[in-house]
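K.L.:
here is a sequence with its predicted model. Questions after.
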Amino acid sequence: MPTLPQPRPSILSIEPYVGGESTVPGVNRIVKLSSNEGAFGPPPSAIEAMAVAAREMHRYPDGHATALREAIGRRFGLDPARIVCGNGSDEIIQHLILAYGGEGTELVMSAHGFVMYDISGRYAGCRVIKVPERNLVADVDAMLAAAGPRTKLVFLANPNNPTGSMLPAAEVARLRAGLREDILLVLDAAYAEYVTDPDYDAGAGLVDSGGGATVMTRTFSKIFGLGGARLGWAYAPAAVIDVLNRVRGPFNVNAAAIAAGIAAVTEAGWVERCIAHNTEWRGRLAEGLRKAGLVVHPSEGNFLLVDFGTAERATAADAALRARGVIARGVGAYSLPQCLRVTVGTAEECGMVIEALAEFARG
């Protein structure tokens, strides 16, 4: 038998990422609430822009995504020269870890942080340190204590997926101040637009503060409804942007995604409409489930984490939802097998979830 090439040992320790499911066998109408996709789909202008871009698919895109970076800069008041775009923020996260981590280094993250930090860290050969949380909220003191001489990267999803928890700006600033300046702090603000807590800051201020290298990553997959286009971006110090531009692919963002992103970020009223809907129905959904006797954790995202007490009961609740064509997200991969994560969908979809889980709780 031939000897096959073997990957680095850390590769085989990776559990493959499993995305949110989209189908239920035997069910015609599916309500997908498993991937935190925007409740209203993509903005109409983004759909139109992508259709127009299709006519030029034989042309290579602008490798620097210049017009998109300028549109993002105008929308958020940031310097386009310090923005880099990627094939989803996942790509940027992976590049950061590969560029600054590697064999012999450590990556620190919270215990229930976004699983891609762990996957990309192992891919790079880092030792990934998952720090226990306090009531499903990242513990700044514990993360600082876990950062040692080999630590090169610290990741914080804020708000966090899948818990929905958020650290206030002062705590994030305390985390940055307590880390060595040569440790890269990555603030994953994928759900920033949904936050209503006034003590929140997505991270641009820390990036600009100069008190250690900080990166803010963002996405078009949530409030802008472009998950299928795979589009994300980062705002970082010039030196970090230089590194990312050296390692990313020459055309890592496709032309259709660029066109859709520019349209989405400039569509008047879109973000405001989505925020208003999410704030109202996140509250209504949480209230309805709590009235049914279920434990619902506070959330600043477009989703709720519902705790059923045991893994068996969470599995049964998932089956009850699926019987009605509603797909939620099991989060056993995040060491929360007793929970389901439910996206805040349309008003009708939220009503379906409340009705199904209230019936389940009664039964």
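P.N.:
Yes, it's here. Numbering: from 1, shown residues only.

K.L.:
drop to CA atoms for contacts and neighbour counts, all remaining ones
P.N.:
Noted.

K.L.:
mind listing the strands for the stretch 1-150 of the chain?
P.N.:
Using DSSP state E, counting those that start in this stretch, the strands of the stretch 1-150 of the chain run over residues 31-32, 83-86, 106-110, 127-131.

K.L.:
can you list those in a markdown table and add distance to residue 194?
P.N.:
As requested, these are arranged in a markdown table below (distance: least, Cα to Cα, whole Å):
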| stretch | distance to residue 194 |
| --- | --- |
| strand 31-32 | 19 |
| strand 83-86 | 21 |
| strand 106-110 | 21 |
| strand 127-131 | 26 |
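
K.L.:
and residue 225, which of those is closest to it?
P.N.:
Closest to residue 225 of the strands of the stretch 1-150 of the chain, according to Cα to Cα: strand 31-32, at 13.9 Å.

K.L.:
ok, and what's touching the closest one?
P.N.:
With Cα atoms under 8 Å, 6 or more residues apart in numbering as the test, strand 31-32 has contacts from 21, 22, 325, 326, 327, 328, 349.

K.L.:
what's the nearest residue to the fifth one if we skip its chain neighbours?
P.N.:
Put plainly, it is residue 327. Of all residues not flanking residue 327 in the chain, residue 32 sits nearest, at 5.1 Å (Cα to Cα, 6 or more residues apart in numbering).

K.L.:
same question for the second one.
P.N.:
Counting by Cα to Cα, 6+ apart, the nearest residue to residue 22 once its immediate chain neighbours are dropped is residue 32, at 6.1 Å.

K.L.:
what are the phi and psi values at residue 331?
P.N.:
Reported as degrees, to the nearest 10, the phi and psi values for residue 331 are phi -120, psi 40.

K.L.:
so it bridges to which residues?
P.N.:
On the basis of DSSP bridges, residue 331 is bridged to residue 336.

K.L.:
roughly how far does it sit from residue 290?
P.N.:
Here the criterion is Cα to Cα, to the nearest Å. By it, residue 331 lies 20 Å from residue 290.

K.L.:
the more surrounded of these two?
P.N.:
Counting neighbours by other Cα atoms under 10 Å for residue 331 and for residue 290 shows that residue 331 has the greater number, 19 against 16.

K.L.:
show me what contacts that one?
P.N.:
Taking Cα under 8 Å, 6+ apart as the contact definition, residue 331 lies against 162, 337, 339, 340, 341.

K.L.:
contacts only, for the first one.
P.N.:
Each residue near residue 162 by Cα under 8 Å, 6+ apart is listed here: 112, 113, 114, 305, 331, 334, 341.

K.L.:
go on, the fourth one?
P.N.:
Residues in contact with residue 340, defined by Cα under 8 Å, 6+ apart, are 305, 306, 307, 308, 314, 318, 328, 329, 330, 331.

K.L.:
now, of those, which are buried?
P.N.:
In those, burial by neighbour count holds for 305, 306, 307, 308, 314, 318, 328, 329, 330, 331, counting by 16 or more other Cα atoms under 10 Å.

K.L.:
pipe those into TSV and attach distance to residue 222 and secondary structure per row.
P.N.:
Formatted as TSV, the entries for the buried ones among the contacts of residue 340 read as follows, by distance: Cα to Cα, whole Å; DSSP: H, G, I helix; E, B strand; the rest coil:
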residue	distance to residue 222	secondary structure
305	17	strand
306	20	strand
307	23	strand
308	26	coil
314	25	helix
318	23	helix
328	16	coil
329	16	strand
330	19	strand
331	19	strand
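
K.L.:
quick check, nearest of those residues to residue 94?
P.N.:
For the buried ones among the contacts of residue 340, the residue nearest residue 94 by Cα to Cα is residue 331; the value is 21.8 Å.

K.L.:
as a markdown table, the contacts of residue 162 with pLDDT would be great.
P.N.:
Written out in a markdown table, the entries for those read as follows (pLDDT from 0 to 100):
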| residue | pLDDT |
| --- | --- |
| 112 | 98 |
| 113 | 97 |
| 114 | 96 |
| 305 | 98 |
| 331 | 97 |
| 334 | 96 |
| 341 | 98 |
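
K.L.:
isn't residue 296 right up against residue 289?
P.N.:
Yes. Contact criterion Cα atoms under 8 Å: residue 296 and residue 289 qualify, at 7.2 Å.

K.L.:
what packs against the top helix by length along the chain?
P.N.:
Secondary structure assigned by DSSP state H gives helix 270-291 as the longest helix of the chain. Based on contacts counted as 3 or more Cα pairs under 8 Å, 6 or more residues apart in numbering; DSSP states H and E, the elements that helix 270-291 packs against are strand 295-296, strand 303-307, helix 347-362.
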